[in-house]
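Engineer: Give me a model of this one.
(chains A and B, ligands or ions: 2)
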Amino acid sequence: MPGLAPLLLGDGRLPVGAYTYSAGLEPAVAAGLTREHVPALLRARLRTAAVTEAAAAVLALRAAVENPVDYGPVQRALAARTPTAPLREASAALGRGVHRLARRLAPDHPAVTALSAVRPRPLRPVALGALGAVMKVSEEDLAHGVVYDELQTVTSAALKLLPGDPLDTVAWILAAEPDATAAVNEALAVRTPAQLPVRTPLLTEQWALEHARRERRLFLA
Amino acid sequence: MPDQQPRRHHPQPLGRPRALRLGVAGPVGTGKSSVLATLCRELAGELAMAVVTNDIYTDEDARFLRSAGVLPTERIRAVETGACPHTAIRDDVSANLDAVEDLEEEFGPLDLVLVESGGDNLTATFSPALADAQLFCIDVAGGGDVARKGGPGITGADLLIVNKTDLAPHVGVDVDTMVADARSARDGLPVLALSQHDPASIIELADWVRSVLARHRDGTHIPTDPGPMAPHSHAHHDS
Ligand SMILES: Nc1nc2c(ncn2[C@@H]2O[C@H](COP(=O)(O)OP(=O)(O)OP(=O)(O)O)[C@@H](O)[C@H]2O)c(=O)[nH]1
Ligand SMILES: [Mg+2]
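Structural biologist: Ligands and ions are numbered 1, 2, ... in the order given. Below you'll find the predicted structure:
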């Protein structure tokens, strides 16, 4: 019985501000991506950004249960692998919502107090590592949560940006299962911050930069 | 006397509570941004203020307010709501809290932070997790019946504004009747008939905000939640 915490982690309704994020979909749509490309975008995200995010979250979870807790190495490694400022800023904004939740659940937990020491603000995977420690989820569940959230984020944003039958999005997610499993396994295999894969595709970076300069946006990034 | 309730999660120096967070909600086009501009014009001389806007698209309202020149532009922030303006002020207020906290950090101590909801419909109201008090804006142009239709904002907001009263003769609405309807739906909560062209009403609006701020500071203002739904009521058969 896996308990409720892993389910909560993957729940799009967790009140941490994630609905303001499209995981790169809105910038991609502005660059011409259409509805029939969404499944391909999902697979691409699972082979790239999602692996880095999930691996960083797992590294942060491992750091969160050490004594003393030091998120510095994973935060720096992840920031170095997120060269585009708007993507770092989006990650920090999302991390803030996760941090607020972790503070609400366990303000004095060492994994949470250490988060406040991270400068600049903890990136989302780092905050998720702390939340994972607070909710006592396993590394595998955390990685699964991050990867699943990536799929949910893109597909829910698609309902706003490329409207169509919402039931399609469920089928897209299920079809992405093999890539999701591979992403989780790859993330779990990363042992040190130095091994964190550098995966953000160049086009994603460029679209994110263009998006940040756009005035009429629905989503943060 | 001042009670130090734990809800003041951002204590300010000098033992003063953090800024009053005042939400402004109401249907599209009823004059929310104009009310914000009016409040900035009236109060920015005496109060340290900042503004957060929540548009369907990022920054229309913020741009309107910046161009109105009523507050330094950097004190006006727009929040992305992922096309979920209701969620942003009720179910998940993270993005708005971030913006409010950033403004307090950068420009604090502040006295008053105004948050404009993304114009939507009659059911969108602020959660007390975001707003200490809220005003709800309807206008005569929406029709004299709106006040009677009710909804959580109309019945439960700290102040109900019946806006654009100057237009009443042009749209065949009797302001007194509309205000009376609103009052009877609100169980004693205040109603203000407002127009940009009626200076006395503007003074009343500013005074109301000053009075809420005073109560916020002395700890006697208790944030209430109008809720996401109208209180259950039975059908009226009187019309
Ligand atoms: N005649 C009249 N027009 C007004 C008054 N207040 C606002 N308006 C006009 O009403 C229109 C809408 O005003 P806004 O302040 O933008 O309304 P809003 O509720 O912020 O609109 P959204 O953010 O789009 O929902 C504008 O054209 C304003 O000039 C008023 O007191 N009298
Ligand atoms: Mg407006």
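Engineer: And the helices in chain A?
Structural biologist: A:5-9, A:25-30, A:38-47, A:49-64, A:72-80, A:85-105, A:110-113, A:124-135, A:139-161, A:166-175, A:177-189, A:202-212 (DSSP state H).
Engineer: I misspoke; the intended subject was chain B.
Structural biologist: Counting by DSSP H, the helices of chain B are B:32-43, B:60-68, B:85-89, B:94-107, B:146-149, B:152-156, B:168-171, B:175-186, B:199-217.
Engineer: Got the confidence number for B:P13?
Structural biologist: Looking at B:P13, its pLDDT reads 52.
Engineer: next one: stretch B:163-175 to chain centre, how far?
Structural biologist: In this view, stretch B:163-175 has its centroid 21 Å away from the chain centroid, taken as Cα atoms, centre = their mean, to the nearest Å.
Engineer: List the buried residues for stretch A:170-177?
Structural biologist: A:172-173, A:176 (16 or more other Cβ atoms under 10 Å in any protein chain shown). (Each C-beta comes from the backbone N, C-alpha and C, glycine too.)
Engineer: I misspoke; the intended subject was stretch B:22-39.
Structural biologist: Those would be B:22-27, B:30-39, for stretch B:22-39 by 16+ other Cβ under 10 Å.
Engineer: quick check, nearest of the residues you listed to A:A208?
Structural biologist: B:S33 (29.5 Å; Cβ to Cβ).
Engineer: residue contacts, the closest one?
Structural biologist: Going by Cβ atoms under 8 Å, 6 or more residues apart in numbering or on different chains, B:S33 touches B:53, B:61, B:64-65, B:116.
Engineer: Restricted to buried residues, select those residues in PyMOL.
Structural biologist: Selection of buried members from the contacts of B:S33 for PyMOL, criterion 16+ other Cβ under 10 Å:
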select buried, chain B and resi 53+61+64+65+116
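Engineer: ok so, going back, make TSV out of the helices of chain B and add distance to A:N185.
Structural biologist: Supplementary listing: the helices of chain B in TSV, determined by distance: least, Cβ to Cβ, whole Å:
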stretch	distance to A:N185
helix B:32-43	50
helix B:60-68	44
helix B:85-89	34
helix B:94-107	31
helix B:146-149	56
helix B:152-156	48
helix B:168-171	65
helix B:175-186	59
helix B:199-217	53
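Engineer: any idea which of these scores lowest on pLDDT?
Structural biologist: Across the helices of chain B, the lowest-scoring stretch is helix B:146-149, with a mean of 87.
Engineer: Give the other helices and strands that that helix contacts.
Structural biologist: helix B:175-186 (3 or more Cβ pairs under 8 Å, 6 or more residues apart in numbering or on different chains; DSSP states H and E).
Engineer: go again using 10 Å as the cut-off
Structural biologist: On a contact count with 3 or more Cβ pairs under 10 Å, 6 or more residues apart in numbering or on different chains; DSSP states H and E, helix B:146-149 meets strand B:133-139, helix B:152-156, strand B:159-163, helix B:175-186.
Engineer: Show me what the third one is packed up against.
Structural biologist: Strand B:159-163 is packed against strand B:20-25, helix B:32-43, strand B:133-139, helix B:146-149, helix B:152-156, helix B:175-186, strand B:191-193, helix B:199-217, with contacts defined by 3+ Cβ pairs under 10 Å, 6+ apart.
Engineer: Pull it out as CSV, backbone CA atoms only.
Structural biologist: Coordinates of each C-alpha in strand B:159-163 appear next as CSV, following Å, rounded to 0.1, in the frame of the first residue of the first chain:
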residue,chain,number,x,y,z
LEU,B,159,-18.0,46.3,0.4
LEU,B,160,-20.2,46.1,-2.7
ILE,B,161,-19.7,48.8,-5.3
VAL,B,162,-22.5,49.7,-7.6
ASN,B,163,-20.4,51.4,-10.2
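Engineer: Sheet partners, orientation included, of it?
Structural biologist: Strand B:159-163 has the following sheet partners, assigned by DSSP bridges: strand B:133-139 (parallel), strand B:191-193 (parallel).
Engineer: Point out the most buried one among those.
Structural biologist: Highest mean neighbour count of the strands paired with strand B:159-163: strand B:133-139, a mean of 27 (counted as mean count of other Cβ atoms under 10 Å in any protein chain shown).
Engineer: I'd like the C-alpha coordinates of that one written as CSV, please.
Structural biologist: Presented in CSV, the C-alpha positions along strand B:133-139 are these (Å, rounded to 0.1, in the frame of the first residue of the first chain):
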residue,chain,number,x,y,z
ALA,B,133,-10.8,42.2,2.8
GLN,B,134,-12.4,42.5,-0.6
LEU,B,135,-14.7,44.7,-2.5
PHE,B,136,-16.9,43.4,-5.2
CYS,B,137,-17.7,45.6,-8.2
ILE,B,138,-20.9,45.5,-10.3
ASP,B,139,-22.1,48.3,-12.5
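Engineer: And ligand 2, is that strand touching that?
Structural biologist: No. Using Cβ under 5 Å from the ion, strand B:133-139 stays clear of ligand 2, coming no nearer than 9.5 Å.
Engineer: and that strand, how far from the chain's centre?
Structural biologist: For strand B:133-139 - counting by Cα atoms, centre = their mean - the centre lies 5 Å from the chain centre.
Engineer: From what I see, B:L110 and B:E104 are in contact.
Structural biologist: Yes. Checked against Cβ atoms under 10 Å, the pair B:L110 and B:E104 is within contact range at 5.5 Å.
Engineer: residues shared between the contacts of the two?
Structural biologist: Common neighbours of B:L110 and B:E104, counting by Cβ atoms under 10 Å, 6 or more residues apart in numbering or on different chains, are B:12, B:18-19, B:21, B:48, B:50.
Engineer: could I get those residues as TSV with neighbour count and distance to ligand 1?
Structural biologist: Shown next, in TSV, are the shared contacts of B:L110 and B:E104 (neighbours: other Cβ atoms under 10 Å in any protein chain shown; distance: Cβ to the nearest ligand atom, whole Å):
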residue	neighbour count	distance to ligand 1
B:Q12	15	29
B:R18	21	26
B:A19	26	21
B:R21	25	18
B:A48	16	23
B:A50	27	17
